[in-house]
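>>> Dropping the sequence and predicted coords here.
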Amino acid sequence: MSNRVLILGGQGRIGRSVANDLLAHTDAEIAVTGRNCKPNLSPSLQFVQLDLDDAIALRRAIQNCDLAIHCAGPFHYRDGRVLKTCIQEGVNYLDVSDHRSFFQKVVAEREAAETAGITAILNTGIFPGISNSMVRQGVEQFDRAETIHLSYVVAGSGGAGVTIMRTTFLGLRKAFEVWKGGRWQQVLPYSDREIIEFPKPYGKTGVYWFDVPETYTFAESFPDVQTIITKFGSVPDFYNHLTWITAHVFPSSWIENSGGIEFLSYVSHFMTDVTDRFSGIGVAMRSLITGQKDGKSAKYCSTVVHENTAIAAGVGTGIVAQLMLEGKLQKPGLQPVEQALSTQLFEQAMANRGIAIAQSWQD
């Protein structure tokens with residue numbers, strides 16, 4: 001019998017990308033959820049009507065699957081009920097969560113997940129997700145890694161719809177902690193602009209501090225590392241300046257209430273509908289690791305580029321889901337993806353999907 005996969009939020013752009021990756025690389029039966037069935041749903045997918053606030057319906061949907069994939073963001077608003085239901089029902093779990101607040105809410109379920117014997121993996125997708133595995137790949141090159149510098153740039157909307165806009169503006173609300181010099185320090189969101197050389201077609205692009213779960217989970221995953229930098233930017237560059245103004249000039253009330261977030265998100269989405277035509281919707285990521293190798297200081301850099309951010313996020317989650325369905329990734333408990341997914345399996349799965357990871361040692 002085929003495995004049955006339930007994708008919560010599977011009609012959104014990220015959820016659809018996950019479903020498409022699984023259709024291409026597995027023989028699983030895939031069901032997607034939503035409050036209403038949207039037009040043009042692929043005939044290869046089943047639809048399950050579901051409101052996440054309906055605990056009975058949620059439990060019934062999870063009982064009927066072998067793997068639940070949570071793609072219903074923004075995760076700033078989620079409380080972990082999907083994960084808790086999976087633990088209670090003995091069903092494996094993945095998500096595309098992209099904010100440390102969600103990790104901090106659900107990390108208390110680690111022991112329960114391990115006791116239930118389920119594999120629960122958080123932060124799959126593109127960033128976090130593929131980015132985390134790139135960092136693990138780099139850290140493993142060293143005798144002792146000391147600094148992680150992870151940078152992302154997204155063109156326009158990234159093909160991810162209005163949800164990505166909400167996530168961006170929600171990330172501007174308040175200062176957050178980062179691991180610098182072996183201690184936690186506060187930084188302001190969208191501060192400390194830095195110019196990073198990304199692969200073509202992006203080139204030199206501005207990036208800024210941004211609150212992502214990697215900042216938090218890497219400190220646990222790689223305890224020798226003393227400094228973790230995670231920065232994000234957009235192209236065209238004027239979006240960076242607009243986001244900086246939103247974070248540092250606009251009245252705080254504009255991004256501290258849902259009405260303001262919705263207004264800013266839809267205005268931004270309207271703008272990217274125009275600029276996507278010439279900027280594209282791709283993504284580039286650069287991981288730069290410094291540390292000690294063979295008794296000397298060294299630098300290792302890896303980069304990935306994809307023409308569609310939403311599709312790349314689907315690949316990141318699809319890789320982990322495929323490996324779980326094939327029985328190659330079974331780690332009872334709760335962990336972020338960089339703790340669960342080995343570099344060997346990551347590299348093989350990326351190669352199978354035709355996505356190249358450029359790697360080099362630097363002077």
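Yes, it's here.
>>> if I look at Phe102, how far off is Gly260?
Applying C-beta to C-beta, to the nearest Å, the value for Phe102 to Gly260 is 21 Å. Just so you know, the C-beta spots here come from the backbone N, C-alpha and C atoms, and that holds for glycine as well.
>>> Over to Ser101?
19 Å.
>>> where exactly do the helices run in this structure?
Assigned by DSSP state H, the helices in the chain fall at 13-25, 55-63, 81-89, 100-106, 110-116, 131-139, 162-170, 213-221, 238-248, 258-279, 309-325, 337-340, 343-352.
>>> mean pLDDT for these: which is lowest?
If you rank those by mean pLDDT, helix 162-170 sits at the bottom with a mean of 72.
>>> related to what we said a few turns ago, pipe the helices of the chain into JSON lines and attach mean neighbour count and distance to Asp294 per row.
Listed next are these as JSON lines, based on neighbours: other C-beta atoms under 10 Å; distance: least, C-beta to C-beta, whole Å:
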{"stretch": "helix 13-25", "mean neighbour count": "23", "distance to Asp294": "38"}
{"stretch": "helix 55-63", "mean neighbour count": "15", "distance to Asp294": "49"}
{"stretch": "helix 81-89", "mean neighbour count": "20", "distance to Asp294": "42"}
{"stretch": "helix 100-106", "mean neighbour count": "19", "distance to Asp294": "35"}
{"stretch": "helix 110-116", "mean neighbour count": "15", "distance to Asp294": "36"}
{"stretch": "helix 131-139", "mean neighbour count": "25", "distance to Asp294": "16"}
{"stretch": "helix 162-170", "mean neighbour count": "21", "distance to Asp294": "41"}
{"stretch": "helix 213-221", "mean neighbour count": "22", "distance to Asp294": "23"}
{"stretch": "helix 238-248", "mean neighbour count": "17", "distance to Asp294": "39"}
{"stretch": "helix 258-279", "mean neighbour count": "15", "distance to Asp294": "42"}
{"stretch": "helix 309-325", "mean neighbour count": "27", "distance to Asp294": "32"}
{"stretch": "helix 337-340", "mean neighbour count": "24", "distance to Asp294": "24"}
{"stretch": "helix 343-352", "mean neighbour count": "16", "distance to Asp294": "20"}
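>>> Could you dump those helices into CSV and include distance to Phe75?
Shown next, in CSV, are the helices of the chain (distance: least, C-beta to C-beta, whole Å):
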stretch, distance to Phe75
helix 13-25, 11
helix 55-63, 16
helix 81-89, 11
helix 100-106, 4
helix 110-116, 18
helix 131-139, 15
helix 162-170, 8
helix 213-221, 9
helix 238-248, 20
helix 258-279, 14
helix 309-325, 13
helix 337-340, 14
helix 343-352, 23
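>>> Indicate which one of those is closest to Ser44.
helix 13-25 (5.6 Å; C-beta to C-beta).
>>> Tell me the helices and strands packed up against that closest one.
Applying 3 or more C-beta pairs under 8 Å, 6 or more residues apart in numbering; DSSP states H and E, one finds that helix 13-25 contacts strand 4-8, strand 29-34, helix 309-325.
>>> now those in JSON lines, with distance to Leu22?
Below are these laid out as JSON lines (distance: least, C-beta to C-beta, whole Å):
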{"stretch": "strand 4-8", "distance to Leu22": "6"}
{"stretch": "strand 29-34", "distance to Leu22": "6"}
{"stretch": "helix 309-325", "distance to Leu22": "5"}
